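*Asks:* no sequence for this one, just the structure:
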């Protein structure tokens, strides 16, 4: 079932492109026609590309990896921040910090610095500083929060990049291409789709168009996260059952039976018979013989006891006869 329809795309204004004189010839396969000097995007191809991108993003989310959203345009900032925050993915809506991907360890240091300032505020270290120093630290913290607050949870390089405007975010696209990170992007008629792994031909200037595409993509990612959660729960169930079976508490009746069995073993003088041992003897000619040791007859068997008692009575009679003589 498709995630959206051509009518929905049409109502959102996804089909509107740029002026004819601003077009990029590489976008020719995705242009349907020209009207009043404006290129019209082919929504059938947009639908196909959107489905392809959504499926790929779903698989990435299902594998448990992060997808970084980049949208620093005025009309896309709030929309992207609101929708992406709901699915707990990192995003950049302020200025793109140069080298964020290619120089990722340095960016991580800045994020750690922000967390260190938070720690200082919580343990009361800031209170020992002068007023001027506290103001400087507060300004530094606010600046870091503005630029890097949304990527504080990004501990490693993202598995994919989603870009709203390729022309504006060209630095982010170049960094991702250099590191072989797949790029998903909304490409307008003035953009070059050749450097994008998963291009989605769409109007990247209208807020309605951006909201619709980002919403569809976020839903696909959410589906992937839900499937991952269900799979992990299924994996946990068998282990939990095994632990429950092995660690099942015994009932009072079973405990009583065990105690009675131990008491009877202690009281009974009868020793258990030894087990039969099978030995293998190898002769000189190579043939093997099995020699079985018969069970050692227990000294405490009732038959042996009767036999011994009989022998004792016979000897006693003989001694009495001798004394009489």
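*Replies:* Thanks, I have it. Since the structure is predicted, the reported quantities are computational estimates derived from the model, not experimental observations.
*Asks:* what's the burial count for the closest residue to residue 15 other than its chain neighbours?
*Replies:* Ranked by Cβ to Cβ, 6 or more residues apart in numbering and with sequence neighbours excluded, the top spatial neighbour of residue 15 is residue 41, at 4.9 Å. Any C-beta I mention is one placed from the backbone N, CA and C, and that applies to glycine too. Neighbourhood size, residue 41 [other Cβ atoms under 10 Å]: 24.
*Asks:* is residue 41 bridged to anything, and to what?
*Replies:* Beta-bridge partners of residue 41, counted by DSSP bridges, are residue 31.
*Asks:* find the centremost residue of the protein, please.
*Replies:* residue 64 (4.4 Å; Cα atoms, centre = their mean).
*Asks:* distance of it from residue 34?
*Replies:* Per Cβ to Cβ, to the nearest Å, residue 64 is found 45 Å from residue 34.
*Asks:* what of residue 162?
*Replies:* Distance from residue 162 to residue 34, by Cβ to Cβ: 29 Å.
*Asks:* and the two? Which one has more around it.
*Replies:* Just comparing residue 162 and residue 34: by other Cβ under 10 Å the higher neighbour count belongs to residue 162, 28 against 14.
*Asks:* element containing that one, please.
*Replies:* strand 160-163 (DSSP states H and E).
*Asks:* so residue 95, which of the three states?
*Replies:* Here residue 95 is recorded as coil under DSSP: H, G, I helix; E, B strand; the rest coil.
*Asks:* likewise the one 3 residues further on?
*Replies:* Assigned with three-state DSSP, residue 98 falls in the coil class.
*Asks:* okay, now it: neighbour count?
*Replies:* Residue 98 has 11 nearby residues by other Cβ under 10 Å.
*Asks:* find the nearest non-adjacent residue to it, please.
*Replies:* residue 171 (6.3 Å).
*Asks:* what's the neighbour count on that neighbour?
*Replies:* Residue 171 is surrounded by 16 other residues when neighbours are defined as other Cβ under 10 Å.
*Asks:* any idea how far residue 9 is from the residue nearest to residue 15?
*Replies:* Applying Cβ to Cβ to residue 41 and residue 9 gives a distance of 9 Å.
*Asks:* my guess is the residue nearest to residue 98 meets residue 96, correct?
*Replies:* Yes: Residue 171 lies in contact with residue 96 (Cβ atoms under 8 Å); the separation is 5.8 Å.
*Asks:* point out where the chain drops to low pLDDT.
*Replies:* Residue ranges of the chain with pLDDT under 70: 1-2, 239-325.
*Asks:* longest helix of it?
*Replies:* helix 207-246 (DSSP state H).
*Asks:* ranges for the helices of this protein?
*Replies:* 6-12, 43-62, 77-86, 104-123, 131-148, 170-178, 207-246, 252-267, 302-324.
*Asks:* same list (the ones you listed) but as CSV, adding distance to residue 185.
*Replies:* Shown next, in CSV, are those (distance: least, Cβ to Cβ, whole Å):
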stretch, distance to residue 185
helix 6-12, 17
helix 43-62, 9
helix 77-86, 13
helix 104-123, 21
helix 131-148, 22
helix 170-178, 7
helix 207-246, 10
helix 252-267, 66
helix 302-324, 93
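*Asks:* wait, which of those is closest to residue 28?
*Replies:* helix 43-62 (11.5 Å; Cβ to Cβ).
*Asks:* which elements pack onto the closest one?
*Replies:* helix 6-12, strand 67-70, strand 160-163, strand 183-187, strand 198-201, helix 207-246 (3 or more Cβ pairs under 8 Å, 6 or more residues apart in numbering; DSSP states H and E).
*Asks:* in a markdown table, list the ones you listed along with distance to residue 120.
*Replies:* Supplementary listing: those in a markdown table, determined by distance: least, Cβ to Cβ, whole Å:
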| stretch | distance to residue 120 |
| --- | --- |
| helix 6-12 | 47 |
| strand 67-70 | 29 |
| strand 160-163 | 33 |
| strand 183-187 | 38 |
| strand 198-201 | 43 |
| helix 207-246 | 34 |
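*Asks:* so which of those comes closest to residue 126?
*Replies:* Nearest of these (Cβ to Cβ): strand 67-70, 31.7 Å.
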